[in-house]
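**Student:** sequence below, structure please.
(4 chains)
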Protein chains: 4
Amino acid sequence: MTTKINLNSDMGESYGAWSMGDDDTLLTVITSANIACGFHGGDAVVMNHTVRKAKAEGVSIGAHPSFNDLWGFGRREIHMSAAEIENIMAYQIGALQGIAAAAGAVVTHVKPHGALNNMACRDKSMSDALARAVKAVDRNLIMLAPTGSLLLQASEEIALPTASEVFADRTYDDDGNLTRRGDPKAMVHDPEQAVANVLHMIRHQELVSTSGKVIPAAVHSVCVHGDGPTAVAVARAVRAGIEAESIAVVPLPEVLSA
Amino acid sequence: MTTKINLNSDMGESYGAWSMGDDDTLLTVITSANIACGFHGGDAVVMNHTVRKAKAEGVSIGAHPSFNDLWGFGRREIHMSAAEIENIMAYQIGALQGIAAAAGAVVTHVKPHGALNNMACRDKSMSDALARAVKAVDRNLIMLAPTGSLLLQASEEIALPTASEVFADRTYDDDGNLTRRGDPKAMVHDPEQAVANVLHMIRHQELVSTSGKVIPAAVHSVCVHGDGPTAVAVARAVRAGIEAESIAVVPLPEVLSA
Amino acid sequence: MTTKINLNSDMGESYGAWSMGDDDTLLTVITSANIACGFHGGDAVVMNHTVRKAKAEGVSIGAHPSFNDLWGFGRREIHMSAAEIENIMAYQIGALQGIAAAAGAVVTHVKPHGALNNMACRDKSMSDALARAVKAVDRNLIMLAPTGSLLLQASEEIALPTASEVFADRTYDDDGNLTRRGDPKAMVHDPEQAVANVLHMIRHQELVSTSGKVIPAAVHSVCVHGDGPTAVAVARAVRAGIEAESIAVVPLPEVLSA
Amino acid sequence: MTTKINLNSDMGESYGAWSMGDDDTLLTVITSANIACGFHGGDAVVMNHTVRKAKAEGVSIGAHPSFNDLWGFGRREIHMSAAEIENIMAYQIGALQGIAAAAGAVVTHVKPHGALNNMACRDKSMSDALARAVKAVDRNLIMLAPTGSLLLQASEEIALPTASEVFADRTYDDDGNLTRRGDPKAMVHDPEQAVANVLHMIRHQELVSTSGKVIPAAVHSVCVHGDGPTAVAVARAVRAGIEAESIAVVPLPEVLSA
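**Tutor:** The predicted structure is shown next:
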């Protein structure tokens, strides 16, 4: 019987004069923040603000590293060697650790961003590189990755702590992957539907695909989003729905602790 | 009587396809490397290479943070707030710490680069910001700064460990500052002259300006350079000259230890 | 008696995934667009969109070049040589000309952005460099510059076509400069007040400072802004107020034609 | 009987403090320069220097546009839409045109760089996008592309002027493509061999693959390189060899003129 769960969200993706997302509000709803590290968004000033606000709200802090691609917001697939990927991972995780140290905070997890995450979730050697990089920087960092993903598998193989996430505002296909964004069924905009889906996934530790297929799935964390007109409403509803079931919404390290 | 001294050099300033300096050779001569952190040079791959080579050579590792200005190589003066400067310092130091951690190495000092260093050396509030940033990330980091500088003073005021450096290939004016680069007397290209100057500064813990004025000066480290046709020759001569005096050339932390 | 006037606004300052300003709406109100050229905002895709929308609305197109400083949004003062400034000007103007050519449109003016503009307006040699650069690329380009500024003077000295602008949402000091942003009187948020100020400046070709001083001022164009909660309302009110006086609001080249 | 040929080389790929290639020497050997436009190398200052030097040497000027990827030097494959590619092409061509205009010079051809070129040469829709972009900016620009390539075909289909190039220091496979760089036979380092190959290709308007297969191939231009220890020697030998055959080495537009 699940008694605690984590709520995570991507954060700190503003850059210089450009603002993105309502982070300050969302940080009062979630319990773990995946903070951009400057390669797709999130300059040092934004990182500092986000880290301090997360700390103040009791939200655990994770790095959200990316390809170095500000223009493409880390969403463009870029072909790099495994060694290059390991180095940009170490760089970005370290950069956030430096900002966090200066704020008296600690980085406890890593969740790769955008195309870096997507490519790793279908390429085992890239997942291996990401997992190796995280472990090399700090073997206690938790890899937060999609349930059932190659990235999760690669992390487990080298005994890196892991947490499995599902998405509150997305649906799944029969392979347990997210339904492609182009598909009209891809997004869940209705807060009630999102809550129902999330509660089912948590209670039963399984996904139900859009065609009705049931797929066993470890669920440690639920990812919510802060952009879009209904995002914060969905996040709030998900949290309220979970707490109404007497399941505690906690920072990521607490989900994994006995 | 000085029995040990440090030799430092700026390193890892290549970027992507562009190469700069003969780092691999210079790393066999010096004992501390100030490694660029990606803002003026030194991408994650270059940083990793430089950290691993430094570690292999027993050279201690320092961060060489800069304004974020690849095009200007960190040499252009950019006006930023103290808070912004603290954040880019924490970011860059952390990034190098991340790369170092992944290589099983440790960052032990910080030396600001280019215009960031120059502006701080004539603006106390900027020196204060740099010193605060280093201390906030890790209070054991050594600030390596020009002897007699505001940056050194600011660091000492907040009890940050400090080391004073002089330059092997530069001359000094009557205020104890480096002679401006435009001045024909600014540079020391002759290895013998460089060695004589350095030995005088180390033995007597004083500078002698181009006009002959004597200025007391703590000297923990001598900065040598790796670019230019005579640079490596000067560095080698300086090291040989120092060792011929039975003064040990050691990594920065060892100079400061009793 | 003034019978025609121009309304200009800075545009196309979004970048990649980050959006800024309500350009599409403002392009239905103004008659000249100063389009960012990628150095402080405005990637090639944004530039293309803005150029095509401006063309469709009959809005004349200008380049809005900047220091190369995405993080600082071109607002940070960066010290560069005159030759460097001329080259980044030619680069950015040309880039917009390339985008415009591909859209069947033409660039007819240039208005420097942010710190580049501010520094030039107090440094004649920098204004000279900007004017020289514009003339070198195309001697028919109009320099759009603050009324009474050194930039205007420098442009006139080399016979570059010029247009003088005033600001609808800002006040002036006794030297004819914009009141500094920190000052509580700096901004005009009330549309009625903005309209009254603008009509006075157009009718009398003079500024009135916040202390009441009258300063003669050529006025070819009024700058309005697209960001901030009241900006579009101010812009619309200014246009309506001008047209109610039977003054035509026209693209910049038409203001200067006989 | 071929009576004139072009020699082209990639140029202006230095960036800020980083230098690459011996452009000033190579510009005395070649007759057309493909000049980097700031996206993979070649800042505005470098572009200006290269354009002026090319003009002084009577070398025709082309744009060498790239993915926006300074770190990767434009060699990393990045996935972008056709519309995005058209916009970055127009931006870069225009930027060089702006720099050229300020120097009293004219851009007469375009040759895509690195991964952008490689991807287009195996993806017709990308070649179509590149050709469309060049034509949209200026329908008189010559597309310089590998002989037999999809990029050449796409350009011809829309009646863009084209020139076919072969490589002096590379070999060909049986499909008429360059032998992959990993292959030990890929490079021609021996100047005599390079000259023999080039003369054969020019005289017979055909390639001979490493296995001996003969492939008909239009040859308007020979690409030489400026980096690597033997590059300038190869370039000089190729030019001398061609001229010894009484074939004129001319700027690209002259090759195409009757």
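**Student:** please count neighbours and contacts with C-alpha atoms only from this point.
**Tutor:** Fine.
**Student:** dump the longest strand along chain A to PDB, restricted to CA.
**Tutor:** Secondary structure of chain A per DSSP state E: the longest strand is strand A:4-11. Taking Å, rounded to 0.1, in the frame of the first residue of the first chain, the C-alpha atoms of strand A:4-11 are listed here in PDB:
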ATOM      1  CA  LYS A   4       3.900   8.500   0.200                       C
ATOM      2  CA  ILE A   5       4.500   9.900  -3.300                       C
ATOM      3  CA  ASN A   6       6.500  12.700  -4.900                       C
ATOM      4  CA  LEU A   7       5.300  15.500  -7.100                       C
ATOM      5  CA  ASN A   8       7.900  16.900  -9.500                       C
ATOM      6  CA  SER A   9       8.000  19.700 -12.000                       C
ATOM      7  CA  ASP A  10      10.500  21.300 -14.400                       C
ATOM      8  CA  MET A  11      11.500  24.700 -13.100                       C
END
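**Student:** any idea of the mean pLDDT in it?
**Tutor:** Averaging pLDDT along strand A:4-11 gives 97.
**Student:** swap in stretch A:212-225?
**Tutor:** Per-residue scores along stretch A:212-225 average to 95.
**Student:** one step back: which elements pack onto the next helix or strand after the longest strand of chain A?
**Tutor:** Later in the chain than strand A:4-11, the nearest helix or strand by DSSP states H and E is helix A:23-26. In this structure, helix A:23-26 packs against helix A:231-244, with contacts taken as 3 or more CA pairs under 8 Å, 6 or more residues apart in numbering or on different chains; DSSP states H and E.
**Student:** beta partners of the residue in chain A that chain D sits nearest to?
**Tutor:** Nearest residue of chain A to chain D: residue A:78, at 4.7 Å (CA to the nearest CA). Listed by DSSP bridges, the beta-bridge partners for residue A:78 are residue D:78.
**Student:** so what's the residue count around it?
**Tutor:** Applying other CA atoms under 10 Å in any protein chain shown, we find 19 residues neighbouring residue A:78.
**Student:** what does the stretch 101-250 of chain A have sitting close to chain B?
**Tutor:** A:101-103, A:133, A:136-138 (CA under 8 Å from any CA of the partner chain).
**Student:** re earlier: pLDDT score assigned to the residue of chain A closest to chain D?
**Tutor:** Per-residue confidence at residue A:78 stands at 95 (pLDDT).
**Student:** which residues does it contact?
**Tutor:** With contacts taken as CA atoms under 8 Å, 6 or more residues apart in numbering or on different chains, residue A:78 has the following neighbours: A:67, A:115, D:76-79.
**Student:** which of those has the largest number of neighbours?
**Tutor:** In terms of neighbours by other CA under 10 Å, these top out with residue A:67 at 26 neighbours.
**Student:** most widely separated two among the contacts of residue A:78?
**Tutor:** A:115 and D:76 (14.4 Å; CA to CA).
**Student:** of the contacts of residue A:78, closest to residue D:145?
**Tutor:** Using CA to CA, residue D:77 is the member of those that lies nearest residue D:145, at 18.5 Å.
**Student:** in contact with the residue in the stretch 151-258 of chain A positioned nearest to chain B, which residues?
**Tutor:** Nearest to chain B in the stretch 151-258 of chain A, going by CA to the nearest CA, is residue A:160, at a distance of 14.4 Å. Counting by CA under 8 Å, 6+ apart, residue A:160 makes contact with A:131, A:135, A:139-143.
**Student:** can you give me the pLDDT of it?
**Tutor:** 98.
**Student:** so which residues on chain A come close to chain C?
**Tutor:** Counting by CA under 8 Å from any CA, chain A comes close to chain C at A:14-20, A:43, A:70-73.
**Student:** now the nearest residue to residue A:246 once chain neighbours are set aside. Its backbone dihedrals?
**Tutor:** Leaving aside its sequence neighbours, residue A:246 sits nearest to residue A:3 (CA to CA, 6 or more residues apart in numbering or on different chains; 7.2 Å). Note on residue A:3: backbone dihedrals following degrees, to the nearest 10 are phi -120, psi -10.
**Student:** does residue A:3 really touch residue A:245, like I thought?
**Tutor:** No - taking contacts as CA atoms under 8 Å, residue A:3 lies outside contact range of residue A:245: 9.1 Å.
**Student:** which one of those two has more residues nearby?
**Tutor:** Legend: neighbour count by other CA under 10 Å for residue A:3 and residue A:245, higher for residue A:3 (14 against 11).
**Student:** which residue ranges form the strands in the stretch 151-258 of chain A?
**Tutor:** Using DSSP state E, counting those that start in this stretch, the strands of the stretch 151-258 of chain A run over A:162-167, A:206-208, A:214-216, A:221-223, A:248-249.
**Student:** redo those as a markdown table? Include distance to chain D.
**Tutor:** A markdown table is the format used below for the strands of the stretch 151-258 of chain A (distance: least, CA to the nearest CA, whole Å):
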| stretch | distance to chain D |
| --- | --- |
| strand A:162-167 | 26 |
| strand A:206-208 | 31 |
| strand A:214-216 | 32 |
| strand A:221-223 | 26 |
| strand A:248-249 | 38 |
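**Student:** check those strands for me and report the most buried one.
**Tutor:** Highest mean neighbour count of the strands of the stretch 151-258 of chain A: strand A:221-223, a mean of 26 (counted as mean count of other CA atoms under 10 Å in any protein chain shown).
**Student:** so what strands line up beside that one?
**Tutor:** Note on strand A:221-223: by DSSP bridges, its sheet partners are strand A:4-11 (parallel), strand A:162-167 (parallel).
**Student:** tell me the contacts of the residue positioned nearest the centre of chain A?
**Tutor:** Centroid-nearest residue in chain A: residue A:111, 5.1 Å away (criterion: CA atoms, centre = their mean). When contacts are counted by CA under 8 Å, 6+ apart, residue A:111 touches A:34, A:62-65, A:117, A:143-145.
**Student:** got the buried residues for the longest helix along chain A?
**Tutor:** Assignment by DSSP state H gives helix A:82-102 as the longest helix of chain A. Buried residues in helix A:82-102, counted by 16 or more other CA atoms under 10 Å in any protein chain shown: A:82, A:84-102.
**Student:** chain center to it: distance?
**Tutor:** Relative to the chain's own centre, helix A:82-102 is displaced by 17 Å; criterion: CA atoms, centre = their mean, to the nearest Å.
**Student:** okay, now the unreliable bits of chain A?
**Tutor:** A:258 (pLDDT under 70).
**Student:** that one against chain D: which residues are in contact?
**Tutor:** Chain A has residues A:76-80 near chain D, with proximity defined as CA under 8 Å from any CA.
**Student:** can you tell me which of those residues is closest to chain B?
**Tutor:** Nearest member of these to chain B, counting by CA to the nearest CA, is residue A:80, at 11.5 Å.
**Student:** once you drop chain neighbours, what's closest to whichever residue of the stretch 101-250 of chain A sits closest to chain C?
**Tutor:** The nearest approach of the stretch 101-250 of chain A to chain C comes at residue A:227, 11.9 Å away (CA to the nearest CA). Counting by CA to CA, 6+ apart, residue A:227 lies nearest to residue A:21, which is 4.9 Å off, once chain neighbours are set aside.
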